[in-house]
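Q: Sequence first, then the predicted structure, then my questions.
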Amino acid sequence: MADTMNNDAFVEFERVQKSYDGENLVVKDLNLSLPKGEFLTMLGPSGSGKTTCLMMLAGFETATYGDIRLDGVSINNIPPHKRGIGMVFQNYALFPHMTVAENLSFPLEVRKMGKSKREEKIIRALDMVQMGDFAGRRPAQLSGGQQQRIALARALVFEPELVLMDEPLGALDKQLRETLQFEITKLAHDLGITTVYVTHDQTEALTMSDRVAVFDDGRIQQLAPPDKLYEEPENSFVAQFIGENNTLEGVVKEIKGDVALVQLDSGEVIQAKPINVTQAGERTRVSIRPERVEYNEERMQDGAFTLKAEVLEFIYMGDIFRTRLRVAGRDDFVIKTRNAPDQARLIPGSQIKIGWLPEDCRALDA
Ligand SMILES: Nc1ncnc2c1ncn2[C@@H]1O[C@H](COP(=O)(O)OP(=O)(O)O)[C@@H](O)[C@H]1O
Ligand SMILES: [Mg+2]
């Protein structure tokens with residue numbers, strides 16, 4: 001398969017499948033390659049196969065089919081401790097009977113490193129996670145966030161080139177999670193570490209990653225940088241999973257180049273950008289972001305497509321207004337507009353006109 005090898009790839013999954021019971025594939029034909037230094041996140045609902053992929057890369061599970069390579073070398077037959085991979089898991093508990101320093105010393109002793117070298121590395125790793133004063137403590141004497149910092153230090157102490165993290169911040173409160181998200185990405189980038197990060201939290205994925213692989217049902221549904229994923233979802237699953245989206249259902253009437261005419265189930269015909277629909281007669285879900293819809297006619301751009309709507313609910317949120325509308329027979333159509341002096345506050349019950357650009361409206365699979 002030499003012709004399919006990507007020479008810049010540091011981590012590669014090629015046509016990887018996994019079945020635990022010999023019948024159902026929980027990972028289906030996974031192809032993924034990461035260059036050195038990339039921070040890639042596997043994002044997806046529970047049960048979509050993220051942890052399984054990480055476990056195969058770590059060596060705790062074997063692929064049923066396909067090849068996994070690290071730096072061009074197939075690792076299918078290399079045991080976990082010889083892969084040189086650092087790991088942090090949500091419940092990857094520190095050894096409770098050991099001090100922080102002893103916990104960090106462990107991966108170095110396994111690698112037969114001498115005492116003075118070990119001490120030097122431990123101090124460095126603890127400083128990296130701002131835990132230099134805690135070397136003598138035991139895990140029980142640390143908060144949850146401090147324990148996760150130590151787990152991170154333990155994964156980094158032997159200076160691995162690849163670090164795997166599986167929901168490492170899942171058990172922490174929001175504020176601490178945000179602090180550590182920032183610290184982890186900064187450390188990874190400063191040290192030039194390649195990272196595969198797993199989460200089911202889309203905000204975490206979007207804020208931390210160079211690229212995000214969206215998983216569903218054992219497959220990557222889309223692999224793209226955060227902005228592209230948000231702005232150009234390639235299918236309905238991704239459009240619904242990432243951020244908020246309005247969905248209108250209908251049938252494709254006609255596709256001409258970059259424009260699809262869609263007849264909504266409520267009767268209106270609208271223009272949309274055909275993404276993964278290909279022909280007339282196909283059912284489609286048309287998707288449009290709440291912040292791409294305008295109701296201030298002064299602000300509507302040339303070429304905007306307009307529809308009638310009834311205001312159902314208007315929520316003043318400070319920086320933005322969030323309005324729920326009845327549009328095309330649906331009463332869950334949400335728009336978000338920036339709070340500005342010329343932006344009217346809408347009154348429930350009133351009839352308005354909303355508009356958007358056809359290119360902001362994506363015709364996706366039903
Ligand atoms: N050790 C295992 N034995 C049998 N089935 C498993 C095992 N681990 C995971 N699974 C199943 O594989 C699927 C994918 O699980 P997992 O990789 O843990 O997904 P995720 O991390 O995205 O939540 C699930 O249906 C899960 O029940
Ligand atoms: Mg998991």
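A: Looks like it arrived, so ask away. Residues are numbered from 1 along each chain as shown. Ligands and ions are numbered 1, 2, ... in the order given.
Q: Let me see the contact set for the nearest residue to residue 290 once chain neighbours are set aside.
A: Leaving aside its sequence neighbours, residue 290 sits nearest to residue 336 (Cβ to Cβ, 6 or more residues apart in numbering; 4.3 Å). Bear in mind the C-beta positions are built from the backbone N, C-alpha and C, glycine included. Shown in contact with residue 336 (Cβ atoms under 8 Å, 6 or more residues apart in numbering): 290-291, 320-323.
Q: and if you look at residue 45?
A: Applying Cβ under 8 Å, 6+ apart, the residues near residue 45 are 200, 215-216, 241.
Q: ok, back up a step: give the buried residues for the helix or strand hosting the residue nearest to residue 290.
A: Taking DSSP states H and E as the criterion, residue 336 maps to strand 330-338. Buried positions in strand 330-338, judged by neighbour count with 16 or more other Cβ atoms under 10 Å: 333-337.
Q: Residues in contact with the very next helix or strand once past that strand: which ones?
A: Moving toward the C-terminus from strand 330-338, the first helix or strand encountered (DSSP H and E) is strand 351-356. Outside strand 351-356, the residues that touch it by Cβ under 8 Å, 6+ apart are 288, 292-295, 297, 300, 304-311, 325, 327, 335, 346.
Q: Just the buried residues of the residues you listed.
A: Neighbour-count burial (16+ other Cβ under 10 Å) applied to the contacts of strand 351-356 gives 288, 292-295, 300, 304, 307, 309, 311, 325, 327, 335, 346.
Q: What parts of the stretch 1-150 of the chain come near ligand 1?
A: 20, 26, 44, 46-52 (Cβ under 6 Å from any ligand atom).
Q: just the strands in the stretch 51-200 of the chain please.
A: 65-70, 73-74, 85-89, 162-166, 194-199 (DSSP state E, counting those that start in this stretch).
Q: Of these, which is nearest residue 258?
A: strand 194-199 (34.3 Å; Cβ to Cβ).
Q: so how far is the closest one from its chain's centroid?
A: 10 Å (Cα atoms, centre = their mean, to the nearest Å).
Q: can you give me the mean pLDDT across it?
A: Taken as a whole, strand 194-199 has an average pLDDT of 97.
Q: Which strands and helices lie in contact with it?
A: When contacts are defined as 3 or more Cβ pairs under 8 Å, 6 or more residues apart in numbering; DSSP states H and E, strand 194-199 packs onto strand 9-19, strand 25-35, strand 39-43, helix 50-58, strand 162-166, helix 174-191, helix 202-208.
Q: by contact count, what packs against the fourth one?
A: Right, helix 50-58. Against helix 50-58 (3+ Cβ pairs under 8 Å, 6+ apart) you get strand 9-19, strand 25-35, strand 39-43, strand 85-89, strand 162-166, strand 194-199.
Q: Could I get the pLDDT score of the nearest residue to residue 131 once chain neighbours are set aside?
A: Residue nearest to residue 131 in three dimensions, not counting chain neighbours: residue 149, with 5.3 Å by Cβ to Cβ, 6+ apart. Looking at residue 149, its pLDDT stands at 91.
Q: do residue 80 as well
A: Reported pLDDT for residue 80: 87.
Q: Ok, the one 5 residues further on next?
A: Predicted confidence (pLDDT) at residue 85: the value is 93.
Q: Isn't residue 358 up against residue 260?
A: No - when contacts are counted by Cβ atoms under 8 Å, residue 358 is not listed as touching residue 260 (9.0 Å).
Q: Just name the closest of the buried residues of strand 330-338 to ligand 1, please.
A: If you rank the buried residues of strand 330-338 by distance to ligand 1 using Cβ to the nearest ligand atom, residue 334 comes first, at 28.1 Å.
Q: Tell me how many other residues crowd the closest residue to ligand 1 within the stretch 201-350 of the chain.
A: Residue nearest to ligand 1 within the stretch 201-350 of the chain (Cβ to the nearest ligand atom): residue 215, separated by 6.2 Å. Close neighbours of residue 215, defined as other Cβ atoms under 10 Å, add up to 27.
Q: Which secondary structure element is home to it?
A: Using DSSP H and E, residue 215 falls in strand 211-216.
Q: related to what we said a few turns ago, let's have the strands of the stretch 51-200 of the chain in JSON lines, adding mean neighbour count.
A: Formatted as JSON lines, the strands of the stretch 51-200 of the chain follow (neighbours: other Cβ atoms under 10 Å):
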{"stretch": "strand 65-70", "mean neighbour count": "18"}
{"stretch": "strand 73-74", "mean neighbour count": "10"}
{"stretch": "strand 85-89", "mean neighbour count": "22"}
{"stretch": "strand 162-166", "mean neighbour count": "23"}
{"stretch": "strand 194-199", "mean neighbour count": "24"}
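Q: any chance of the ones you listed in JSON lines, plus distance to residue 144?
A: Shown next, in JSON lines, are these (distance: least, Cβ to Cβ, whole Å):
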{"stretch": "strand 65-70", "distance to residue 144": "32"}
{"stretch": "strand 73-74", "distance to residue 144": "37"}
{"stretch": "strand 85-89", "distance to residue 144": "13"}
{"stretch": "strand 162-166", "distance to residue 144": "16"}
{"stretch": "strand 194-199", "distance to residue 144": "17"}
